[in-house]
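Participant: Quick one, what's the 3D model for this:
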Amino acid sequence: MAQNRHIPLRKCTGCQEMKSKKEMLRILRTAEGEILLDLTGKKNGRGAYVCRSGACFEKAVKNKGLERSLKTKIPAETYENLKKEIESIEER
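Facilitator: A predicted model of the protein is given here:
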């Protein structure tokens, strides 16, 4: 008998939909307070998940979902850097 494998689900901070962890991008706050994009999904720190679309990232910025999930204030320049990284991933 084949067993069904467990698929971890995460909620997007932008659109609030539950999706597979592999389908989403992880935004990470490290112990030093640095905020960056975690493409591996395995780095240490507090994470928040966003769909792989710029629209969901924009919603997360607008409703302050990322700030709530990461429990920290995020400067505008960090948002700009994250937006550029997400756009480069979308183009692939």
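Participant: in the helix or strand where G47 lies, what counts as buried?
Facilitator: G47 belongs to strand 46-51 when elements are defined using DSSP states H and E. By neighbour count with 16 or more other Cβ atoms under 10 Å, strand 46-51 contains the buried residues 47-51. C-beta here means a position set from N, CA and C on the backbone, and glycine is covered the same way.
Participant: Show me which of the residues you listed is closest to I27.
Facilitator: A48 (5.0 Å; Cβ to Cβ).
Participant: Could you measure from that closest one over to G14?
Facilitator: 10 Å (Cβ to Cβ, to the nearest Å).
Participant: Residues that sit against both of these two, list them.
Facilitator: Both A48 and G14 are contacted by 60, 65, under the criterion Cβ atoms under 8 Å, 6 or more residues apart in numbering.
Participant: Run the angle between the lowest-mean-pLDDT helix or strand in the chain and strand 46-51 for me.
Facilitator: In the chain, no helix or strand scores lower on mean pLDDT, DSSP states H and E than helix 76-91, which sits at a mean of 91. Calculated by axes from the mean of the first three to the mean of the last three Cα atoms, to 10 degrees, helix 76-91 forms an angle of 50 degrees with strand 46-51.
Participant: Tell me which other helices or strands helix 76-91 touches.
Facilitator: Helix 76-91 sits against strand 24-29, strand 35-38, helix 54-62, with contacts defined as 3 or more Cβ pairs under 8 Å, 6 or more residues apart in numbering; DSSP states H and E.
Participant: mind putting those in a markdown table, distance to K84 and mean pLDDT included?
Facilitator: Below are the helices and strands packed on helix 76-91 laid out as a markdown table (distance: least, Cβ to Cβ, whole Å; pLDDT from 0 to 100):
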| stretch | distance to K84 | mean pLDDT |
| --- | --- | --- |
| strand 24-29 | 13 | 95 |
| strand 35-38 | 10 | 94 |
| helix 54-62 | 11 | 94 |
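Participant: hey, which of the ones you listed is tucked in deepest?
Facilitator: Ranked by mean neighbour count, the helices and strands packed on helix 76-91 are led by strand 24-29 with a mean of 21 (mean count of other Cβ atoms under 10 Å).
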